[in-house]
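Participant: can you look at this prediction? I've put the sequence above it.
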Amino acid sequence: MIQPACEVSSGDSIELVAPDASYGQVARASGAADLGTIDFSLMNPLAGPVFVRGARRGDTLEVEILGVETDTWGWTGIVPGFGLLAEDFPRPWLRISEIDQGVVRFADGVEVPCRPFPGTIGVAPDRPGPHSVIPPSKFGGNLDVRYLTVGTRLFLPVGVDGALLSVGDGHAAQGDGEVCGSAIETGMQITVRVTARPDLHLRAPQLLVPEPGLQASGSMYVTTGVADDLRTAAQDAVRAMIEHLEATRSLDPDEAYALASIAGELRINEVVNAPMWVVSAAMPDSIFRGALT
């Protein structure tokens, strides 16, 4: 097990700084050919781990994202053999984008809103390591859930005492799925508040999202499924949403299931970190009267 970089108390805030996903191997002046020289053993470096006093195995760690700042530039690459359509795109491709005044300047006439978040965030698994940071698990990791922006609260099952939270893989912008295998990859400075939650016991990460983006207005609650089969991951996400609606909205299972069908939003959040899939189910709070119970 990696020794903690620091130790904090439940309720403390901490600032973490992580390099881009390439660990600086992709530079502002890099070209596509440079992708062929990347040492993949250095990919996805993380800040941490952070030992949280009071976080016990089997409980939950709440991580509130208070602030995220990025570098002034980022990169997007197509790496041969990697990505959802790897067979269609066998040659390397690289784009360096400027990040300025809340936008990512991807190309002439193409500006993407900058909505920075950590692509990788998680706690130590409940079994001896070492563990790759590329495939996600029920303890988090390379989730690539783009809702992890400022104001979101992430709930992670705790696998070991102290949780050992790590964060990295800064993204200035990403679409659901991250289908080519990269986003706007960038260095990141992130501030989070960590709280031990012995009252919560989860099977996989869950989120409370105040800013859902373009899809809806108002806050949303999001559940996830993480599995090596897409259908299983989707089923797990919906089952978790049904349980959440039963517990917080006093719905019976049939009502919750029907509501998930007509008002929920099921998304594939991450498809490229084999062998695991991440699927989320989102429910807007605006359709309910009253607060969560």
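Facilitator: All right, it came through fine. Numbers count the residues shown, from 1 in each chain.
Participant: could I get the buried residue list for the longest helix anywhere in the chain?
Facilitator: Longest helix in the chain, counting residues (DSSP state H): helix 230-249. Neighbour counts over helix 230-249 (16 or more other C-beta atoms under 10 Å) mark 233-234, 236-242, 244-245, 249 as buried. All C-beta spots, glycine's among them, are computed from the backbone N, C-alpha and C.
Participant: what's the first helix or strand after it?
Facilitator: helix 253-263 (DSSP states H and E).
Participant: now find how far off-centre that following helix is within its chain.
Facilitator: 26 Å (C-alpha atoms, centre = their mean, to the nearest Å).
Participant: which other helices and strands contact that helix?
Facilitator: Judged by 3 or more C-beta pairs under 8 Å, 6 or more residues apart in numbering; DSSP states H and E, helix 253-263 is in contact with helix 230-249, strand 277-284.
Participant: nearest to His131, of those?
Facilitator: Evaluated over those, closeness to His131 peaks at strand 277-284, with 16.3 Å, by C-beta to C-beta.
Participant: how far off centre is that closest one?
Facilitator: The chain centre lies 12 Å from the centre of strand 277-284; the measure is C-alpha atoms, centre = their mean.
Participant: can I get that strand as PDB, trimmed to CA atoms?
Facilitator: This file holds the C-alpha atoms of strand 277-284, laid out as PDB (Å, rounded to 0.1, in the frame of the first residue of the first chain):
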ATOM      1  CA  TRP A 277     -17.400   0.200 -18.100                       C
ATOM      2  CA  VAL A 278     -18.900   3.100 -16.200                       C
ATOM      3  CA  VAL A 279     -22.600   3.900 -16.700                       C
ATOM      4  CA  SER A 280     -24.600   6.500 -14.700                       C
ATOM      5  CA  ALA A 281     -28.300   7.100 -14.100                       C
ATOM      6  CA  ALA A 282     -29.300  10.700 -13.400                       C
ATOM      7  CA  MET A 283     -32.500  12.100 -12.000                       C
ATOM      8  CA  PRO A 284     -33.300  15.900 -12.000                       C
END
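Participant: now it: buried residues?
Facilitator: By 16+ other C-beta under 10 Å, the buried positions in strand 277-284 come out as 277-284.
Participant: check stretch 54-72 too.
Facilitator: Applying a neighbour-count criterion of 16+ other C-beta under 10 Å, one finds 54-55, 59-65, 68, 70-71 buried in stretch 54-72.
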